[in-house]
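Novice: my questions concern the predicted model and sequence given below.
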Amino acid sequence: GSLFKGGRYVFEIVRRLSLAVPGPLGFYLSGDIPAGLRAELKHVPANARLFMPGRLEHESNVGYVKSCSFGVSPTIIESFGMALLEAGFCGVPMAAFDVGGTSEVVRDGENGLLAPLLDLERLLLNATRLLERSFCRELAVRTRPSVEARFNSAEHAARKPGGEP
């Protein structure tokens with residue numbers, strides 16, 4: 001719901017993705033949802049199923065993320081996306097704006113899809129592509145291995161100063 005985390009785009013993302021499918025479509029909206037956004041979300045298409053449990057313990061939040069087919073991160077400011085990294089380790093491909101350190105975690109076409117910052121149309125196009133089950137599954141199969149290969153803590157800890165193995 002935060003302005004910097006893309007809260008102003010959430011309603012439109014839910015609306016447009018819901019319009020792209022004929023049946024029910026579930027959305028997990030994590031964290032605190034401000035009153036203004038809650039009011040907007042009362043006007044989403046009838047097939048949108050919103051799950052907004054509020055702020056949760058980390059373990060519960062990650063459990064819900066694991067149940068998702070894919071994620072959309074409309075954040076407009078990011079140094080390094082821990083939520084993106086967690087989703088990657090859960091095998092959940094992401095559609096996100098290419099901002100800050102996002103591209104360090106989300107590799108466009110490998111484990112998710114990136115859109116130029118503030119290009120909401122491209123972000124929505126990417127998210128709509130993830131609604132295609134076969135395409136989403138292809139990315140999901142590569143997501144965890146992609147993230148593990150670049151963020152293996154044991155491998156990084158074993159490196160000598162200067163990055164040598």
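Specialist: Received the coordinates, thanks.

Novice: Arg8 and Pro34: what is the separation?
Specialist: In this view, Arg8 and Pro34 are 11 Å apart by CB to CB, to the nearest Å. For the C-beta atoms, the positions are set from N, CA and C on the backbone; glycine is no exception.

Novice: name the residue in the two with the higher neighbour count.
Specialist: Higher neighbour count among Arg8 and Pro34: Arg8, with 16 against 12, using other CB atoms under 10 Å.

Novice: can you tell me the SS state at that one?
Specialist: Using DSSP: H, G, I helix; E, B strand; the rest coil, the structure places Arg8 in helix.

Novice: next one: Ala154
Specialist: helix.

Novice: run a quick neighbour tally on it.
Specialist: Considering only other CB under 10 Å, Ala154 is surrounded by 6 other residues.

Novice: longest helix in this structure, please.
Specialist: Counting by DSSP state H, the longest helix found in the chain is helix 133-150.

Novice: correct me, but Ile77 touches Val99?
Specialist: Yes - at 6.6 Å, Ile77 and Val99 qualify as touching, with contact defined as CB atoms under 8 Å.
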